[in-house]
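Generate coordinates for the sequence data below:
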Amino acid sequence: MRIDSEKVVEIGGETLPHTFFPGVCRLSNGNLLMLLVTGSGFESSDQRLEQFRSVDNGRTWQRESEAFSSVSFPVEKPFTPYAKPTVLRDGTLVAIGYGFYRDQPQMGLSDYAEKYGKFPPCKNFAMHCDAAGKHWQGASVIDHSYDGLEISGPALSLPDGRILFFAAPFVLNASLQQGLVFESLDNGRNWHQISTFFSSANVAPWEVRSLLLPSGRILLILWAFDLKENKHLTNRLVYSDDGGLHWSAPVDTTLHGQASNWMLFNGNIGVIQARREGREPGIYLNGITLSEEGRVTVSDECRLFDARGLANQGTTIEEQFVSLKFGQPSVTALSDNEYLLAFWSFAQERYAVRTMRFRIM
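As a prediction, the model looks like this:
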């Protein structure tokens with residue numbers, strides 16, 4: 001596999017101090033819409049959501065600072081929100097995510113977790129927007145019985161009108177680590193849990209990303225971390241053939257990476273990974289095949305982004321969280337063989353969201 005890539009574009013460099021955690025979707029009018037987080041530091045308590053738009057397939061991006069100016073969050077301030085957008089079947093948008101109530105704003109999230117053995121109080125929320133991506137409504141809390149869910153990926157809109165999201169509870173010290181499936185029947189206004197896609201005494205399923213195949217099969221890829229052994233495992237994959245009600249046993253992809261994602265290209269399934277360990281850190285693309293028996297075969301590999309000097313630092317997961325230097329890659333299809341990679345990385349004393357257009361040769 002070879003790629004032909006264009007130059008990397010930095011988002012928000014002239015107007016925002018740091019940017020992180022991009023989520024990109026294509027609107028019904030063809031525009032690309034990006035939600036990202038900005039703040040004075042990696043885990044600062046002043047982080048907020050911002051919106052950018054591209055009208056030229058990701059070559060340039062314009063900040064739309066008024067997008068969230070009137071959006072209210074139903075929690076006390078300071079509150080740091082994180083969300084990814086999804087285009088629904090009627091063309092409107094829903095953005096789902098989570099946020100932390102920063103009751104000790106002088107502390108970073110990892111510092112807080114290391115001191116107290118848990119994250120600050122967390123709320124999950126959903127926001128809705130018109131099809132043009134111009135007018136967001138106030139955020140509504142997603143009710144559930146958990147302290148908070150890591151909804152770090154976009155919701156999945158299904159052909160039958162249902163919407164699903166996939167998330168793990170924010171717990172570091174628990175007797176059970178789980179991956180949960182929530183469903184909405186009313187365009188994301190109300191949610192209820194329908195199944196569990198992963199369960200383990202020690203392994204946490206973080207940064208879940210979903211993919212709907214033409215066959216109707218739903219694929220999930222997990223950043224699997226063994227909390228007992230304090231060790232990153234290879235990515236695990238699970239799949240459902242009945243709309244998310246039942247799930248396969250975890251399948252080992254044999255791929256070493258964190259914060260992984262999916263793409264489809266030339267009828268093939270691709271895995272995009274942020275590999276933060278080893279001698280050649282970077283963002284990689286692999287083709288995979290999943291057999292009917294649930295076995296994964298890995299095919300071609302290419303590196304989309306060279307992250308030399310940005311590998312994991314520290315021994316505990318809390319130390320690694322606070323020292324992360326790149327991650328959350330995603331790919332949006334632009335045409336039959338053109339794609340847009342979005343991610344964030346650290347360079348020249350600044351965290352920034354970056355995009356890159358590329359073709360697969």
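
where along the stretch 251-361 of the chain do the helices fall?
Taking DSSP state H, counting those that start in this stretch as the test, the helices found in the stretch 251-361 of the chain are 317-322.

Can you list the low-confidence ranges for it?
314-316, 318-322 (pLDDT under 70).

Pull up the pairing partners for whatever helix or strand Leu35 lives in, direction included.
Assigned by DSSP states H and E, Leu35 belongs to strand 32-39. Looking at strand 32-39 with DSSP bridges, its partner strands are strand 18-26 (antiparallel), strand 48-54 (antiparallel).

between those strands, which gets nearest to Gly257?
With Cβ to Cβ, the closest approach to Gly257 among the strands paired with strand 32-39 belongs to strand 18-26: 17.2 Å. (C-beta placed from N, C-alpha, C; glycine too.)

tell me the mean pLDDT over the closest one?
Strand 18-26 shows a mean pLDDT of 97.

re the thing from before, want to throw the strands paired with strand 32-39 into TSV with distance to Trp61 and mean neighbour count?
Output for the strands paired with strand 32-39, formatted as TSV (distance: least, Cβ to Cβ, whole Å; neighbours: other Cβ atoms under 10 Å):
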stretch	distance to Trp61	mean neighbour count
strand 18-26	10	22
strand 48-54	4	21
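
now the ones you listed as TSV including distance to Glu301?
Shown next, in TSV, are those (distance: least, Cβ to Cβ, whole Å):
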stretch	distance to Glu301
strand 18-26	23
strand 48-54	28
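
Any idea which of those gets closest to Glu207?
Nearest to Glu207, of the strands paired with strand 32-39 and by Cβ to Cβ, is strand 18-26 at 10.7 Å.

hmm, back to that, list of residues touching the strand holding Leu35?
For strand 32-39, contacts defined as Cβ atoms under 8 Å, 6 or more residues apart in numbering pick out 11-12, 16-27, 46-54, 57-58, 61, 80-85, 93, 95, 133, 332, 340, 342, 344, 353.

Can you report phi and psi for Gln178?
Note on Gln178: backbone dihedrals following degrees, to the nearest 10 are phi -130, psi 160.

any idea how far it lies from Tyr146?
Gln178 sits 9 Å away from Tyr146, going by Cβ to Cβ, to the nearest Å.

quick one, which of these two is more surrounded?
Neighbour count, other Cβ atoms under 10 Å: between Gln178 and Tyr146, Gln178 has more, with 18 against 15.

Pretty sure that one sits against Ser199.
Yes. With contact defined as Cβ atoms under 8 Å, Gln178 counts as touching Ser199 (5.3 Å).

For the residue nearest to Arg162 when sequence neighbours are not counted, give the beta-bridge partners.
Nearest residue to Arg162, sequence neighbours excluded (Cβ to Cβ, 6 or more residues apart in numbering): Glu183, at 5.7 Å. Following DSSP bridges, Glu183 is listed with bridge partners Leu164, His192.

give me every residue that touches Glu183.
Going by Cβ under 8 Å, 6+ apart, Glu183 touches 162-164, 191-194, 244.

any idea how far the most far-flung residue of the chain relative to its centre lies from Asp252?
Going by Cα atoms, centre = their mean, the residue of the chain most distant from its centre is Glu293, 28.1 Å out. Here Glu293 is placed at a distance of 14 Å from Asp252 (Cβ to Cβ).

Now do the strands in the stretch 201-350 of the chain.
Taking DSSP state E, counting those that start in this stretch as the test, the strands found in the stretch 201-350 of the chain are 203-212, 218-226, 231-232, 236-240, 251-252, 258-265, 268-275, 282-290, 296-306, 326-333, 338-347, 350-360.

Sweet, I'm off.
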